[in-house]
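Engineer: Requesting a structural model of the entry that follows:
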Amino acid sequence: MYISNTKQEKEEMLSAIGVKDFSELISSIPEEFLNPKISLPKALSEIEIYKKMRDLSDKNTVIKSFVGAGVYDHYTPSALKAIISRGEFLTAYTPYQAEASQGLLQTIYEYQSSMCALYEMDCSNASMYDGSTAFAEAVKACLRISGKKKILYSQGIDNRYIEVTRTYLADNKEFVFEMIPLKDGKLDITAAEKMMDSSTACIAVSNPNYFGVIEDIEAIGKKAAEKKILSICISDPFSLGILKTPGSCGFDFAVGEGQSLGLPMSYGGPYLGIFTSKKEYIRQMPGRICGLTKDKDGKRGFVLTLQAREQHIRRDKAASNICSNQALCALATTIYCSLLGPDGLKEACLINNSLAVKAAKELSKIKGVKLKYNQPFFNEFVIDLPLPASEIRRKVSSSFHIDPGLDLGHMGKEFENSLLVCLTETKDENDISLLKKAIEESI
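Structural biologist: Below is the predicted model:
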């Protein structure tokens, strides 16, 4: 926000600081940084700018991508784009004055209702910044509730989520992170049970996991309940059209990245984080919660309620310092869920899954290529190649304008030849044939 100052006000501020004028205030800055010589071309007209941008865009190469790993190339319905482009949604400001923001508050309430239904959980907040921050907040909630220090997490969780959580907790060295190993691509439940003890605050699992494998979250949730340990499930909301929900499996907290529900990839954002929980933990929920009430005339009204964040209570008592929510992105996911409905989402999930299964079978026919894990998967899977995955990816991208998947070399030496391949409804059987041909010839 810019607030202009009069000459007198400027002089008063400079006098209070103890300098004669503005140049004295910035005298420590080298001259080359104060007045840099910038070589700018002459100004262009609108028509000239348009032509220049067209010429630049013609240099782009369109790449068909089979990369997933948490951000997915799903189709965004045109109706969704049209609705969120309406002025009352696109330019709406954060609802600090709740009574003046009934329309925006209603969209938040509808979003919360959609997420509760999708995850089969009791409560949802108004959204977080992304999936990793939602997960970090869920871990923090478990630490507060339990008063314990150990965090058990599956090796199948995206490591970026773990790093964000470590950053959140960096100031407290008492917290202990312990990774539960995988067994043929799935969480080793026997190992997890042995690692659970009286110091364990929570156990966290991802479904589908980072490798696309479907976890037995029912068994994991049951085991955590038996041990009286809090549980967190990271779930891709799109997959819940056909997979078991965290709520039906007894999890205390369920979080996820909402990008797969109608948000474009957009070079990494903006997205939104989904945060849901059981009703008994609603006071530990970060950020905003929108509630439904009645006014003095008995008319329906929406309010911000149970706001346990630092804007409303003392910082040391706050559940979180998040002071906003991803309102427009949350609205987009709500519209997406409304447009598809339960049956439409299920159909989209089945299309994704059938394409992935088809692709896995076809790629496995290539000499030297095999599936890394013999487990059910959703819409992405890992293949092992006879050459480093980074080399195959480079060859396929340059020769065929196809990105065949994510090179998993960053996961360690055992993944040097591993490629994570993803299929969504934006692909078809012809694309699978092209992918197979590209990998086969590159090998």
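Engineer: list the contacts for residue 76?
Structural biologist: Shown in contact with residue 76 (CB atoms under 8 Å, 6 or more residues apart in numbering): 262, 263, 264, 336. Where you see a C-beta, it was placed from the backbone N, CA and C, and this is true even at glycine.
Engineer: For the last one, give its distance to residue 294.
Structural biologist: It refers to residue 336. 30 Å (CB to CB, to the nearest Å).
Engineer: need the longest strand for the chain.
Structural biologist: Identified as the longest strand of the chain according to DSSP state E is strand 200-207.
Engineer: hey, C-alpha coordinates of that one in CSV?
Structural biologist: Coordinates of each C-alpha in strand 200-207 appear next as CSV, following Å, rounded to 0.1, in the frame of the first residue of the first chain:
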residue,chain,number,x,y,z
THR,A,200,5.3,-41.6,19.5
ALA,A,201,3.1,-38.6,18.8
CYS,A,202,1.8,-39.7,15.4
ILE,A,203,2.2,-41.9,12.4
ALA,A,204,1.9,-40.5,8.9
VAL,A,205,1.2,-42.3,5.6
SER,A,206,0.4,-41.2,2.0
ASN,A,207,-2.2,-42.9,-0.2
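Engineer: Direction included, what does it pair against?
Structural biologist: strand 150-154 (parallel), strand 230-235 (parallel) (DSSP bridges).
Engineer: Show me what the longest one is in contact with.
Structural biologist: Looking back up the chat, that one is strand 230-235. 119, 131, 135, 138-139, 142, 145-146, 157-158, 161, 201-207, 217, 220-221, 224-225, 243, 245-246, 249-256.
Engineer: These in strands, which ones?
Structural biologist: 201, 202, 203, 204, 205, 206, 207, 253, 254, 255, 256.
Engineer: what sits opposite residue 305 in the beta ladder?
Structural biologist: Those that pair with residue 305 in a beta bridge, by DSSP bridges, are residue 289.
Engineer: Let me know how buried it is, in neighbour terms.
Structural biologist: 13 (other CB atoms under 10 Å).
Engineer: And residue 128, by the same measure?
Structural biologist: So residue 128, with other CB under 10 Å, has 29 neighbours.
Engineer: which residues touch it?
Structural biologist: 134, 137, 255, 272, 273, 274, 275, 286, 287, 322, 325, 326 are the contacts of residue 128 under CB under 8 Å, 6+ apart.
Engineer: What's the per-residue pLDDT of it here?
Structural biologist: Residue 128 carries a pLDDT value of 93.
Engineer: Nearest residue to it in space, please, no chain neighbours.
Structural biologist: residue 273 (3.1 Å; CB to CB, 6 or more residues apart in numbering).
Engineer: Likewise for residue 140?
Structural biologist: Closest to residue 140 by CB to CB, 6+ apart is residue 168, at 6.4 Å.
Engineer: gap between that neighbour and residue 416?
Structural biologist: 31 Å.
Engineer: Equivalent analysis for residue 48, please.
Structural biologist: In terms of CB to CB, residue 48 sits 50 Å off from residue 416.
Engineer: Residue 105 touches residue 300, doesn't it?
Structural biologist: No. The pair residue 105 and residue 300 does not pass the contact test of CB atoms under 8 Å, sitting 11.1 Å apart.
Engineer: give me the beta-bridge partners of the residue nearest to residue 128?
Structural biologist: Bridge pairing for residue 273 - DSSP bridges - gives residue 128, residue 257.
Engineer: Residue 127 is in contact with that one, correct?
Structural biologist: Yes. Using CB under 8 Å, residue 273 is in contact with residue 127, at 6.3 Å.
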